[in-house]
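Student: how would this look folded up:
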Amino acid sequence: EALAAVRAIKDERSRASALMALAPHLPVGLLREALAAARAIEWEGARALALMELAPHLPAAEQVTVWQEALAAARAIEREGARTEALGALAPHLPVGLLGEALAAARAIESEGARAEALMALAPHLIELPRARLYEIWAETLPILAQRRRHDLLVDLRELTPVIAALGGEKAVADVARAIADVGRWWP
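Tutor: Predicted coordinates:
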């Protein structure tokens with residue numbers, strides 16, 4: 001009944017606030033409905049806040065479809081700051097199989113600061129992937145990052161340093177740092 005009452009609230013900001021207050025108290029069976037209510041919020045800032053509050057309460061990672069819906073809701077947020085916040089809130093809870101999709105969403109963020117924040121939120125969880133999968137994701141990610149301006153690439157690499165370390169150890173991190181320094185000397 002409480003969830004139905006929240007859905008009936010016309011003002012989206014108030015609906016999001018009520019949904020956020022209700023989320024920690026909902027039984028697992030109603031969380032999918034709460035997620036649908038959050039997705040229905042048109043104002044992106046309020047939708048992001050509702051997703052951020054729901055993330056820790058969504059069912060276990062084994063229920064991938066719920067997490068796919070939550071990630072789709074985050075990706076659909078056009079305002080990059082709000083999308084970044086939603087991705088960051090989802091990152092610690094996402095099933096391993098969706099981390100690549102979350103990384104793709106983070107890579108698509110144009111704003112350097114927002115993208116860096118999203119990458120920073122994802123990096124500690126990406127390194128939990130099996131090494132072969134992490135390498136696949138890295139091989140897909142690096143060419144995309146390399147198409148950006150040098151400064152953007154360097155910021156992105158800084159945030160993804162845990163991934164570099166997970167793939168190649170401290171030597172890889174040192175090699176990347178040396179290569180960056182070399183490029184800086186050759187093309188200031």
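Student: which neighbouring elements make contact with the helix or strand containing Lys171?
Tutor: Here Lys171 sits within helix 161-186, counting by DSSP states H and E. Packing partners of helix 161-186 (3 or more CB pairs under 8 Å, 6 or more residues apart in numbering; DSSP states H and E): helix 112-126, helix 131-146, helix 150-159. Yep, even glycine has a C-beta here, placed from its N, CA and C like the rest.
Student: now do the buried residues in that helix.
Tutor: Across helix 161-186, burial judged by 16 or more other CB atoms under 10 Å covers Pro162, Val163, Ile164, Ala165, Ala166, Leu167, Val173, Val176.
Student: and the helices and strands packed on helix 161-186 as a markdown table, adding distance to Leu3?
Tutor: Converted to a markdown table, the helices and strands packed on helix 161-186 look like this (distance: least, CB to CB, whole Å):
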| stretch | distance to Leu3 |
| --- | --- |
| helix 112-126 | 28 |
| helix 131-146 | 36 |
| helix 150-159 | 37 |
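Student: just say which of these is most tucked in.
Tutor: Most buried of the helices and strands packed on helix 161-186, by mean neighbour count (mean count of other CB atoms under 10 Å): helix 112-126, with a mean of 20.
Student: report the inter-axis angle for it versus helix 161-186.
Tutor: Interaxial angle, helix 112-126 versus helix 161-186 (axes from the mean of the first three to the mean of the last three CA atoms, to 10 degrees): 130 degrees.
Student: so which of the helices and strands packed on helix 161-186 comes closest to Ala104?
Tutor: Ala104 sits nearest to helix 131-146 of all the helices and strands packed on helix 161-186, at 8.2 Å, using CB to CB.
Student: ok, and what's touching that closest one?
Tutor: Residues outside helix 131-146 that contact it (CB atoms under 8 Å, 6 or more residues apart in numbering): 99-100, 103, 107, 126-127, 129, 152-153, 156-157, 160, 163, 166-167.
Student: and which of the residues you listed is nearest to Leu31?
Tutor: Nearest to Leu31 among the contacts of helix 131-146 is Leu99, at 20.9 Å by CB to CB.
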